[in-house]
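In: sequence and predicted model, in that order:
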Amino acid sequence: MPRWSNEIPQQHTGTAYTLKRTPSGRGIVAMVTSDDLVGCPTHWWGGHTVPCEETGCKPCEEGIPYRWHFYLAAVDTTTHQHFLFEMTAQAGDSFKDYRRAHGSLRGCLFEAKRLRSAKNSRVCIRCKPTDLRVQHLPEGPDIKKCLAVIWNVPIPSVVAPDVAKGAPRLRVIPKAIPDPVLARNGGPPAA
Ligand SMILES: [Zn+2]
């Protein structure tokens, strides 16, 4: 039976999250809802990114090189859209440094920009903590399950402990920079 409604729901798609890469130009400003990055080797095959399979990987058999990609979930600060962010290992380093310093990526306000106008030019990531006591952040989705839906591969039966539902996630120790504009400009001026 269809689930009819006269109201237009805020979330009008199902479990499939949009996958975004850093665009050239304005870039992305968003707040991370995941606790950590999830990564896997991928191939560019048949016009899109596919995961490298552990056994019987067709692109590997054809000699196509693989490349690591990393993923996190975030909310765009302008559109409020919850999406999956895809990055290369090089861009992932900034988030790994942040996680080492703050214990979790959740609540990290980041700006992702391409250094040049070319679509594949190097990505620059800048991270700042936000005060999670004043920010309402939705729960981050299970990234592996979202990717399985996007890639149309079997949903992993094992849920990684870092994305398991109900696990304590609010481990960011907020710094006194609640204003994202101030935060982006390097914090409030010294008194
Ligand atoms: Zn492969």
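Out: Thanks, I have the structure now.
In: only C-alpha atoms from now on, for both contacts and neighbour counts.
Out: Will do.
In: mind listing what Glu111 touches?
Out: By Cα atoms under 8 Å, 6 or more residues apart in numbering, the residues touching Glu111 are 27-30, 125-127.
In: tell me, how many residues neighbour the single nearest residue of the chain relative to the ion?
Out: Relative to the ion, the nearest point of the chain is Cys52 (3.6 Å; Cα to the ion). Cys52 has 20 neighbours, counted by other Cα atoms under 10 Å.
In: hmm, it is touching Thr42, no?
Out: Yes: applying Cα atoms under 8 Å as the test, Cys52 and Thr42 come out as touching, 4.9 Å apart.
In: please enumerate the shared neighbours of the two.
Out: Common neighbours of Cys52 and Thr42 (criterion: Cα under 8 Å, 6+ apart): Tyr66.
In: follow-up on the earlier one: I'd like the contacts of Glu111 laid out as TSV, including secondary structure.
Out: TSV is the format used below for the contacts of Glu111 (DSSP: H, G, I helix; E, B strand; the rest coil):
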residue	secondary structure
Gly27	coil
Ile28	strand
Val29	strand
Ala30	strand
Ile125	strand
Arg126	strand
Cys127	strand
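In: got the contact list for Asp93?
Out: By Cα under 8 Å, 6+ apart, no residues touch Asp93.
In: so what's the model's average confidence on whatever helix or strand it lives in?
Out: Using DSSP states H and E, Asp93 falls within helix 89-102. The average of the pLDDT scores along helix 89-102 is 94.
In: how far out from the middle of the chain is that helix?
Out: Relative to its chain's centre, helix 89-102 lies at 12 Å (Cα atoms, centre = their mean, to the nearest Å).
In: just confirm Tyr17 is within a helix.
Out: No: assignment of Tyr17 by three-state DSSP gives coil, placing it outside any helix.
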